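> build me a structure from this.
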Amino acid sequence: MAAPSAAAVRVLQLSQRLNLRLFMLVMAVGLGLSLVGFGQLLLVLTAVLSAADLGLLLRLFGVLLLVLIPTAGIYSLVTQFAFWEGWLAGLPQPEQIFAGLSSPQRCYVIYLDGIHQLERDHPPRVSTFLALLEARLQADTRLVRGLEAYTVLPVALAEDAGSAWFWRRLFALQEHHPNGLVQLLAAVLVQANNVIKVGISSDRRYGPILNYELALKICLRLAEVGFRRDAGSELVLLGYSGGGEMAMGVADYLRRLTGAPVRIISFCGVFSGNQVLDGVAAITTIVGSRDPVAAFGRVAYPGRSPLLPLSNWNRTIRSGQVRRATIPGMNHNGQRGPFSERFRGQVIQQVLAALSQP
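Below is the predicted model:
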């Protein structure tokens, strides 16, 4: 058989690219349908794709799971170790952080976003939520926003010396690629990095390093807005979704570094409760009655099970530090999530109620 011509090869490559976009569309739809059941998902895929296309889709998905995501996890650990050892500039000495002039507030509310965060600027719905919350805070309370909770480096994720080329490419694909499926895949990869950070924070082996470094990063931001150790201020960590885990991870370190009492308020929080929580003044968890993600967090982390009464989280509950508030009908995100017009007012009301408690 004669070898195909160069033109035929180019046509074949173009066809494969178009098929790949179709595969990604089916995969995105399939991920949504998987909530209904794997059997129905498989029926949909086999009805739309041929056996060869389905095999290619599974191989691509396997590469994503077995190569890209583990590589991101390994790189996260290596970056933290290099940062800890001083190989990367930016790890400050605690005693040098709060050396400037003070502009104290009675309370600093530090917002830690969920795994959807891609950069310092929050998505429009989150920005609107924070603006409404800030408008209702007392005059002596300051909202600290724009913190990237899923990178310990003092620079943005897209400015990381070792991986900036990769993240900038992903951000460019997400923002400017004409195909929505490519944008979706880029967003999934970034969120996978953030999910890995949440997992590391909850780990007893590697979590302390990440949490301490993130606490230093928060301290640097507090110093920028005028916080000083001797001002008698209070810190409140406000975490959404995976930001709840990051808040609990940094709380004890932040208390030690700043000398200030620390409280935690999480809404739709997904957290392990493995961290040292004895020194936290109070914890308020705001949950939606129809939030499957937060409910899954209670199952995924055994330390939150009532069957383990000696876990850190259960000891914290018995001490009376934890207050739980439920918002009927609220989901984790989307049109019924905490940033939607329907529920954001109730979430803000619960946050203000938690802040007003002594």
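> do you know how far residue 217 is from residue 110?
Using CB to CB, to the nearest Å, residue 217 is found at 11 Å from residue 110. C-beta coordinates here come from the backbone N, C-alpha and C atoms, glycine included.
> what bits of the stretch 1-150 of the chain have low per-residue confidence?
Scanning the stretch 1-150 of the chain for pLDDT under 70 picks out 1-91, 95, 100-103, 118-121.
> follow-up on the earlier one: okay, and the common contacts of residue 217 and residue 110?
Common neighbours of residue 217 and residue 110, counting by CB atoms under 8 Å, 6 or more residues apart in numbering, are residue 147.
> those two: which is more packed in?
residue 110 (25 against 21; other CB atoms under 10 Å).
> partners of whichever helix or strand that one is part of, with directions?
In this structure, residue 110 sits in strand 107-112 according to DSSP states H and E. Using DSSP bridges, the strands paired with strand 107-112 in its sheet are strand 141-144 (parallel), strand 234-240 (parallel).
> ranking those by burial, who's on top?
Of all these, strand 234-240 has the most neighbours on average by mean count of other CB atoms under 10 Å, namely a mean of 25.
> contact partners of that one?
Outside strand 234-240, the residues that touch it by CB under 8 Å, 6+ apart are 106-114, 126, 149, 222, 245-248, 250-251, 254-255, 258, 260-269, 271, 281, 338, 351, 355.
> how about the CA coordinates for the strand holding residue 110, as CSV?
Output of strand 107-112 as CSV, limited to C-alpha atoms (Å, rounded to 0.1, in the frame of the first residue of the first chain):
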residue,chain,number,x,y,z
CYS,A,107,-10.8,43.1,63.3
TYR,A,108,-9.4,41.8,60.0
VAL,A,109,-11.5,39.5,57.9
ILE,A,110,-9.3,37.4,55.6
TYR,A,111,-11.1,35.9,52.7
LEU,A,112,-9.8,32.6,51.3
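> what's the first helix or strand after it?
By DSSP H and E, the next helix or strand past strand 107-112 is helix 124-136.
> by contact count, what packs against that following helix?
When contacts are defined as 3 or more CB pairs under 8 Å, 6 or more residues apart in numbering; DSSP states H and E, helix 124-136 sits against strand 141-144, helix 344-356.
> one more time with 10 Å
Applying 3 or more CB pairs under 10 Å, 6 or more residues apart in numbering; DSSP states H and E, one finds that helix 124-136 contacts strand 107-112, strand 141-144, strand 234-240, helix 344-356.
> can I get it in CSV? Just the C-alpha atoms.
What follows is helix 124-136, C-alpha atoms only, in CSV (Å, rounded to 0.1, in the frame of the first residue of the first chain):
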residue,chain,number,x,y,z
PRO,A,124,-17.5,38.5,39.2
ARG,A,125,-20.0,36.8,41.4
VAL,A,126,-17.5,36.4,44.2
SER,A,127,-16.4,40.1,43.8
THR,A,128,-20.0,41.2,44.1
PHE,A,129,-20.5,39.0,47.2
LEU,A,130,-17.4,40.5,48.8
ALA,A,131,-18.4,44.1,48.0
LEU,A,132,-21.8,43.6,49.6
LEU,A,133,-20.2,42.0,52.6
GLU,A,134,-17.6,44.8,52.9
ALA,A,135,-20.3,47.4,52.8
ARG,A,136,-22.0,45.9,55.8
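> show me which parts of stretch 213-232 are buried, residue by residue.
Buried residues in stretch 213-232, counted by 16 or more other CB atoms under 10 Å: 213-219, 221-223, 226-229, 231.
> out of those, which is nearest to residue 346?
residue 218 (27.4 Å; CB to CB).
> that closest one falls within a helix, correct?
Yes. Counting by DSSP: H, G, I helix; E, B strand; the rest coil, residue 218 is found in a helix.
> surely it and residue 147 touch.
Yes. Here residue 218 reaches residue 147: they are 6.5 Å apart, a contact under CB atoms under 10 Å.
> who touches both of the two?
Residues touching both residue 218 and residue 147 by CB atoms under 10 Å, 6 or more residues apart in numbering: 110, 112, 246.
> which stretches in the stretch 251-358 of the chain count as strands?
262-267, 282-288, 322-327 (DSSP state E, counting those that start in this stretch).
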